[in-house]
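# Provide a 3D model corresponding to the input given below.
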Amino acid sequence: MKYNNIAVIYGSDSSEWEISCRSGEFTASRIDDSKYSIYEIFARFGKWHLVSFRKKGAMRIKFPEEARPEINKNDFSVNIYGETIKFDFAFIMQHGTPGENGLLQGYLEIIGIPFSSCSSFVSAVTFDKYSCKSYLRDVDYVNLAPDLLFRKGSGDLAEFCGKVTDSIGYPVFVKPTNGGSSFGVTKVHSEDKMVQAMSRAFTEGETVIVEKAIPGREFTCAAYRASDSTVKALPVIEIITRNEYFDYDAKYNGSSEEVCPAEIDKALSALIQETTCKIYGRLGCSGVVRVDYISGPDALYFLEVNTIPGMTNASLVPKMVRAAGLDMTDFLTEIIESA
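This next block holds a predicted model:
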């Protein structure tokens, strides 16, 4: 193996921190402990502490919260019972800042530690929904819903809402540009609800994207770089929600059905997989990346990229891995060794 001591970093500074913990704990439990020693790090608001560790072939040892060893960020190491352990690989499972917007990746790049996700630059571009769409506007295999951008304090909000009515029309989705898990997202059907929706989005960030709601079926697909350096797509999932859209409740409280593999014709499945691999290559992604779509009346529309997708037993990517007939532990080994 290329690496010995794997640090799984979870928790975050965003509203998604609890979801991140669930993803990180699941990931750590599935990494092959016959090949690696696994160390779980909870990182939030600059405080990094070791939650537990599992040396090769040994049992998992968990620290009480008040006795968790602090991570030395100068060299990315930790002292356990008098022994200094230096991590040589980071498996990033932080949803939101700083693990999904490039800040954590930048730190790891500076100190020379390989990691599981996209580079700091790619993470920064993809984390901002408007920036990511702008990066894909000139390619012929991506269709984008009409949108408008508004930064808090940059102009008259009422005037902007009127512009949405005139240039896009309703319904629209109002979203913070840099959030996930549908925090701060509202589907709006009329101009009189816009200010309230914008205020909700501003609780998650300073910049808001307003995007035309495209009617259709929602799909998602993940791609990853395999050990032979090729980009491979996993099976497509169709998301069928009982709510008006795939909101937080639908994602995490069971108000949706996720059909994997999606019950669609081979041509649409191939289109989604091919488009996902092309977007992966266009953006210069690394690790496993999930791309979301709406299959509308006239075309397949890109929604967003998730560079740190959810990774619990019930999450979308593990479902794709199982549907592909792959073992989750072997899959994670491939992600680690291909970094």
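
# wait, isn't residue 316 in contact with residue 309?
Yes - between residue 316 and residue 309 a contact is recorded at 6.6 Å, counting by Cβ atoms under 8 Å. C-beta coordinates here come from the backbone N, C-alpha and C atoms, glycine included.

# Look up the residues that both of these two are in contact with.
By Cβ atoms under 8 Å, 6 or more residues apart in numbering, residue 316 and residue 309 have these common neighbours: 222, 290.

# CA atoms of stretch 206-224 as CSV?
The C-alpha coordinates for stretch 206-224 follow below in CSV (Å, rounded to 0.1, in the frame of the first residue of the first chain):
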residue,chain,number,x,y,z
GLU,A,206,-23.8,36.2,1.4
THR,A,207,-24.5,35.2,-2.3
VAL,A,208,-27.7,33.7,-3.6
ILE,A,209,-28.5,32.1,-7.0
VAL,A,210,-32.1,32.1,-8.3
GLU,A,211,-32.6,29.4,-10.8
LYS,A,212,-35.5,28.4,-13.1
ALA,A,213,-37.2,25.3,-11.8
ILE,A,214,-37.2,22.7,-14.6
PRO,A,215,-40.0,20.1,-14.4
GLY,A,216,-38.9,16.6,-14.9
ARG,A,217,-37.3,13.5,-13.3
GLU,A,218,-34.3,13.9,-10.9
PHE,A,219,-31.3,11.7,-11.4
THR,A,220,-27.8,11.5,-9.8
CYS,A,221,-24.7,9.7,-10.8
ALA,A,222,-21.2,9.5,-9.4
ALA,A,223,-17.8,9.1,-11.1
TYR,A,224,-14.4,8.3,-9.7
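
# Flag every buried residue along it.
Using 16 or more other Cβ atoms under 10 Å as the test for burial, stretch 206-224 gives 207-214, 218-224.

# What of stretch 1-16?
Applying a neighbour-count criterion of 16+ other Cβ under 10 Å, one finds 3, 5-16 buried in stretch 1-16.

# before we move on, what about stretch 170-180?
For stretch 170-180, a neighbour-count test (16+ other Cβ under 10 Å) marks 171, 172, 173, 174, 175, 176, 177, 178, 179, 180 as buried.

# In strands only, show me those.
172, 173, 174, 175, 176 (DSSP state E).

# What lies in contact with the helix or strand encompassing residue 166?
Here residue 166, judged by DSSP states H and E, is contained in helix 157-167. Residues outside helix 157-167 that contact it (Cβ under 8 Å, 6+ apart) are 146, 148, 150, 172, 191, 194, 195, 198, 210.

# what stretches of the protein score poorly on pLDDT?
Applying pLDDT under 70 to the chain picks out residues 179-182, 243-255.

# remind me, longest helix of it?
Secondary structure of the chain per DSSP state H: the longest helix is helix 266-283.

# Show me what that one is packed up against.
Secondary-structure packing of helix 266-283 (3 or more Cβ pairs under 8 Å, 6 or more residues apart in numbering; DSSP states H and E): helix 120-127, helix 129-136, strand 217-225, strand 231-233, strand 288-295, strand 300-306.

# Check the offset of it from the chain's centre.
Put simply, helix 266-283 sits 18 Å off its chain's centre (Cα atoms, centre = their mean, to the nearest Å).

# hmm, who's touching that helix?
By Cβ under 8 Å, 6+ apart, helix 266-283 touches 118, 122, 125-126, 132, 135-136, 139, 141-142, 219, 221-223, 225, 231-233, 235-236, 261-262, 285, 289, 291, 293, 295, 300, 302, 305.

# repeat that with 7 Å
Outside of helix 266-283, the residues within contact range by Cβ atoms under 7 Å, 6 or more residues apart in numbering are 122, 125-126, 135-136, 139, 141-142, 219, 221, 223, 231, 233, 236, 262, 289, 291, 293, 295, 300, 305.

# Just the buried positions in stretch 144-153, please.
Of the residues in stretch 144-153, 144, 145, 147, 148, 149, 150 count as buried by neighbour count, 16+ other Cβ under 10 Å.

# Can you give me the neighbour number for the closest residue to residue 135 other than its chain neighbours?
The spatial neighbour of residue 135 that comes closest, neighbours along the chain excluded (Cβ to Cβ, 6 or more residues apart in numbering), is residue 125 at 5.7 Å. Residue 125 sits with 21 neighbouring residues when counted by other Cβ atoms under 10 Å.

# Quick one: residues contacting residue 125.
Taking Cβ under 7 Å, 6+ apart as the test, what residue 125 contacts is 131, 132, 135, 283.

# List just the nearest of those to residue 30.
residue 283 (26.2 Å; Cβ to Cβ).

# tally of neighbours for that closest one?
22.

# What separation do you get for it and residue 103?
18 Å (Cβ to Cβ, to the nearest Å).

# Figure out the helix or strand that residue 79 lives in.
Of the helices and strands defined by DSSP H and E, residue 79 is found in strand 77-80.

# following that strand, which helix or strand shows up next?
Per DSSP H and E, the first helix or strand lying C-terminal to strand 77-80 is strand 83-86.
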